[in-house]
Structures are given as C-alpha cells and as structure tokens.
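Asks: Next input, structure requested:
(chains A and B)
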Amino acid sequence: MELSRVLTYLAESAAIALRADAAAVCLLDESGTRLSVAAVHGLPAELLDRGSQEIQSCALDREALTSHAAVVADAQYDLLELPGQDFRAGLCTPLIHEGQPVGTLHVYATVPEHFCKDDAAKLRPLVDLGAAAIAATRAMTELKALEASRAQFIRVMTHELRSPVTVAQSLVRSVLYAGGLSDRQMEVFTRIGRRLDGLENLINDLLDLAAGKAPVPAEEGPVVLNASLGRVVLLLQPRAEDKNLEMAFQSCRDQLVVRGTEEGLDRIFVNIVGNAVKYTPPGGTVTVLMQQEDGQAQVEVADTGIGIPEEALPHLFEEFYRAPNAKKAEVGTGLGLAIVKDLVERYGGRIQVKSIVGVGTTFTVTLSLLSTNAA
Amino acid sequence: MANKRILIVHDDPDMVAALHLPLKSAGYDVLDASSSQEGLQKIQEFSPALVILDAILETASNLQISLALRNPAPQSPYASYRRIPILVLTPSHTTASLRLGSDEAYLPVDDFVDMPINPDMLLNKVNALIGVGD
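Replies: A predicted model of the protein is given here:
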C-alpha cells in the first residue's frame, strides 16, 4: 500500500473516532527537525504542497512530541496554523514507532473545548498502528531502493571486476600461445593463468548467486528445454574434447517446453554439465540424457568422474561447500550447485544426485512439463 | 597475395595486446582502433579482411560499426565493405554468444569469441571467416 493512502486512512479514522471536523498527518524528515503535511481529511489538499517547516516553529507539534499530546481548547485559528479555516479546538498527538517519533497527528473541531487530554489516549491504538504502518511503508521503500542499487552493483561488478580478469586471462593465454618462453617462465605463466581462472570462476559464481537470489525473478515463461541443452552441450564440447572426454547428448524427438528463463535454464545445465566435465578424468564420458517421464521433463547428466563421498552428499547444495575430493582435484567456489538448486526450485522443479566415489555421478533434474511440440 | 589485415576495435589496450600476439604469430597484419569512429575510418583506409569488435552487449558504439557495414542502402559510404566479416568478443561462462547467434536474436555479425580468449579457438574462427585454407 502506498504511504499516502495509509496516512489518509489514518487521518480519516482519527477524525471519525473523535467526531472531529478535520484531521492531518505530518511527517518528520530524516533529520527529525522538519515537519511536512503528508495527508489531510476535511482540509484543503493545498496544505500538502506547503513544504516542510522547522519543528521549532510548530508550537503544537513541539509540545505534542515532548509531552505525548497537546490540546488547544479554544483558540483563534492562527494558533492552529490553518489560515482561512474556522477551527477553534485542536488536538495534536505524536506518532511514535519503537521509541522514535515519525510524525504527528492533528485533529480539529469548530466547536471550542471539543478535545480533552483523554482523547489522546483514545487515539492511542490508532496512532500506534499508524506509526507502525508508516515505519513499514518506509522500510518497504528503502528495500525497493536497496534492490535497485543491488542490481546496479551487479552491473558494475560485472563490468569492472570481470572485464579486467578476462583481459588478464587473455593476455596470459596469448603469451603462452605465442611461445618463446623458458620452461621456468612457462611454469610461472601457467600458474598465473590458473589463479586467474579460479578468480574468474569465483566472480562468475558470485554474480550468478547475486542475480539468482534476486527477490524479483526475471520474467519466466515457457522455454524449450531441447534448445537450452543443445546450447550447453555446444558450449562445453570443446572443453570436453580438450580433456579427451566423450560427450554424448541424447535429446528428445519432441520439444519439451518447461517453465523458466532461457538464461536460467542455461545456467543450470552449464553448471551441472560443466561440473561433469571438470570432475571426470581424461578418457571418461559425460552423458546428457533428456526424456519425458510421467508428464515431466527429466534431464540426466551422468559422468564417469571422481564421484562424491557419501558424507558430502547432504551438503552438496550448500553455498561455499566443496567435497574434500573436489577441492583436491579442481579450482572451484562451491557456489555453482547452490545456484543450480535455487534456480531449479524457482522453476518448480527438483534436483537429485546419485554418486559412487571413483565410479561416477548422476544428477537428475526434473521440471514440470508445460507442453510438448511434436517434432 | 590475399588480404591478411585484421582490424580490432576495442577501447582496452590490454585486450588489444592479448589479441595481437596470436594473430601476429599466425601471420596476420593487425590494426587497431579505440573507438567506433576511428574504426570506421580505418575500415575505409585499409579495407581489412576481418573486423573484431568488443562485446556488443556492453558497447553500443560497436553495434554502430556492424550496422554501418551491413547497411543495405546502395548509397551507403560503406557499401564496398559490406562483405567484411565481423567477429565479436562476448563475455564468457554464459551461453550469451550462442543465444545471440540464434535466429531469433539476429545480429549483423558473423561469429562470436568468448572472453577470455582461447587463442586456438580464436584463430580457428578467424581463419574460417577470412577463408584461409579454402
């Protein structure tokens, strides 16, 4: 709910409760020194555009904030600071949330002596609720701003952090490719390259995680699973060939359409198939199998890799967790599978893993099928 | 002798250096430009056999080059360079390059190379685009 609606409701309710003719809500600014009219009931809307005023110049508000309530029994309108209005009586009570004043609530009546100090106590439950609502809507606004700056942060990170790393990697690879180095130099450059690869992985995973855990998911829609897996296999094929691995991909004849985003699905399978390639020793195989099962789409990624120890399986999807044998074998961050699980679940699917150390690992991702398009 | 000039348009001199090494060791003449304006100028001046552009997603200026070269209007000042192949460097680890290359997201470029570059893969693509070995 918008803050202005909450406040208007508060003003209206207060006026009804005390049978007053008008009411207004004033809010304190961040510094707590200036007040501005934020909502009115029974008063001209122009008051909202009056801008903020030093609290020192608002006698009634100042008194209310220091002594819980201020009552004007019979006054000329100038004391109520409402030129052109016919009010004779007024009551001002502070809006306090968790000990911090957030604003004031004013009620006005044309009849003198309309309010007494006890009226402030009658308004209490309403005022407390109002103050909490103000605090909550403000927190919500802050959250939205935070979310926007988080997205901005990711964009900056992507460019400012990843770019220099990939440029450095490219330079190292070029130097190694061009040759002419001594064995010792070659070794040092190889080490630099490996460190940079690790850093790149970490940055990519962190960015994936930051993007993947976003409370507002990217627009999801029907996505063709076959296409996503095709891209992933195409992307990772060269890496598999480099390691002398056999990569087999069995797609479905029919197109399987699932819920998600193209980027999200690609990320899921780049991670899983990437891990299979990473943790399978040369000469092994990685098989990607796609099938339709009980109205669901199922993707099985099986490898003949190092396997996952039984005691590591329950922790596999935890952030930053890495199985002991994985740590020894390869650089990694332990974020990949946390991201995968997050995404799979976001798309309403589930992921399972079976593994035998020294024999291999099979990951199975099951996603509910939106439709199938016969080939 | 066949044209072996390659123009790199990239605003990061370190990346340009990283591309220079493998391309030069494979016998190509390498030119570079740090802006799309300079790039278009050098295309007219040297008519390279291939243009390599920075990740198209991040620098709109490079889109300008590909669109200028691919402009189908007969009076386009780049009409005679229309057939120069364009290779684009894309951020790696995502399948962005594969998605960009798909039919539904057609961009007027010929191929993509993932960053960080793999020199072998870079040269394979460059050779294929220039037609070396045909």
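
Asks: Show me what secondary structure element comes after the least confident helix or strand in chain A by mean pLDDT.
Replies: Lowest by mean pLDDT, DSSP states H and E among the helices and strands of chain A is helix A:77-80, with a mean of 52. Remark: after helix A:77-80, the chain's next helix or strand is strand A:89-97, criterion DSSP states H and E.

Asks: and that next one, which strands flank it?
Replies: If you go by DSSP bridges, strand A:89-97 pairs up with strand A:70-72 (antiparallel), strand A:100-109 (antiparallel).

Asks: can I get these in CSV with distance to A:Leu181?
Replies: Any C-beta I mention is one placed from the backbone N, CA and C, and that applies to glycine too. Output for the strands paired with strand A:89-97, formatted as CSV (distance: least, C-beta to C-beta, whole Å):
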stretch, distance to A:Leu181
strand A:70-72, 83
strand A:100-109, 65
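
Asks: number of nearby residues for residue 72?
Replies: Just going to use chain A. Residues near A:Val72, counting by other C-beta atoms under 10 Å in any protein chain shown, number 24.

Asks: actually chain B
Replies: Count around B:Pro72 with other C-beta under 10 Å applied: 8.

Asks: Can you tell me how far it is from chain A?
Replies: Between B:Pro72 and chain A the distance, using C-beta to the nearest C-beta, to the nearest Å, works out to 29 Å.

Asks: so that residue is in which element?
Replies: Under the assignment here (DSSP H and E), B:Pro72 is part of no helix and no strand.

Asks: So in chain B, where's the weakest helix or strand by average pLDDT?
Replies: Across the helices and strands of chain B, mean confidence by mean pLDDT, DSSP H and E is lowest for helix B:96-101: a mean of 51.

Asks: Quick one: name the residues of chain A near chain B.
Replies: Residues of chain A lying near chain B by C-beta under 8 Å from any C-beta of the partner chain: A:158-159, A:162-163, A:165-171, A:173-175, A:177-179, A:196, A:200, A:204, A:231-232, A:234-235, A:238, A:262-263, A:266-267, A:270.

Asks: what about burial for these, which qualify?
Replies: Buried by 16 or more other C-beta atoms under 10 Å in any protein chain shown: A:158, A:162-163, A:165-171, A:173-175, A:177, A:196, A:200, A:204, A:231-232, A:235, A:262-263, A:266-267, A:270, out of the residues of chain A next to chain B.

Asks: Please enumerate the helices of chain B.
Replies: Assigned by DSSP state H, the helices in chain B fall at B:13-25, B:36-46, B:60-70, B:96-101, B:119-130.

Asks: same check, this time on the stretch 1-150 of chain A
Replies: A:3-17, A:59-67, A:77-80, A:117-157 (DSSP state H, counting those that start in this stretch).

Asks: by how many degrees do the first one and strand A:100-109 diverge?
Replies: When axes from the mean of the first three to the mean of the last three C-alpha atoms, to 10 degrees is applied, the directions of helix A:3-17 and strand A:100-109 differ by 50 degrees.

Asks: Give the rounded mean pLDDT of helix A:3-17.
Replies: Computed over helix A:3-17, the mean pLDDT rounds to 90.

Asks: ok, residues contacting it?
Replies: Helix A:3-17 is contacted from outside by A:20-25, A:27, A:38-42, A:105, A:107, A:122-123, A:126-127, A:129-130, A:133-134, A:137-138, A:141, using C-beta atoms under 8 Å, 6 or more residues apart in numbering or on different chains.

Asks: So among these, which ones count as buried?
Replies: Using 16+ other C-beta under 10 Å as the burial test, the contacts of helix A:3-17 include A:20-25, A:27, A:38-42, A:105, A:107, A:122-123, A:126-127, A:130, A:133-134, A:137 as buried.

Asks: And the closest residue to A:Val172 other than its chain neighbours, how close does it get to B:Gln37?
Replies: Once flanking residues are discounted, A:Val172 sits nearest to A:Gly193: 4.4 Å by C-beta to C-beta, 6 or more residues apart in numbering or on different chains. Counting by C-beta to C-beta, to the nearest Å, the gap from A:Gly193 to B:Gln37 is 35 Å.

Asks: Comparing those two, which residue is more hemmed in?
Replies: A:Gly193 (18 against 13).

Asks: Identify the residues contacting the more buried one.
Replies: Contact analysis of A:Gly193 by C-beta under 8 Å, 6+ apart lists A:Gln169, A:Val172, A:Arg173, A:Leu176.

Asks: Now go through the residues you listed and say which are in strands.
Replies: Using DSSP state E, no member of the contacts of A:Gly193 sits in strands.

Asks: just these now: which is nearest A:Val340?
Replies: When these are compared for distance to A:Val340 (C-beta to C-beta), A:Gln169 wins out at 24.1 Å.

Asks: can you pull the pLDDT of the closest one?
Replies: Confidence score, pLDDT, at A:Gln169: 94.

Asks: May I have the residues that are in contact with it?
Replies: Counting by C-beta under 8 Å, 6+ apart, A:Gln169 makes contact with A:Gly193, A:Leu196, A:Asp197, A:Glu200, B:Pro116.
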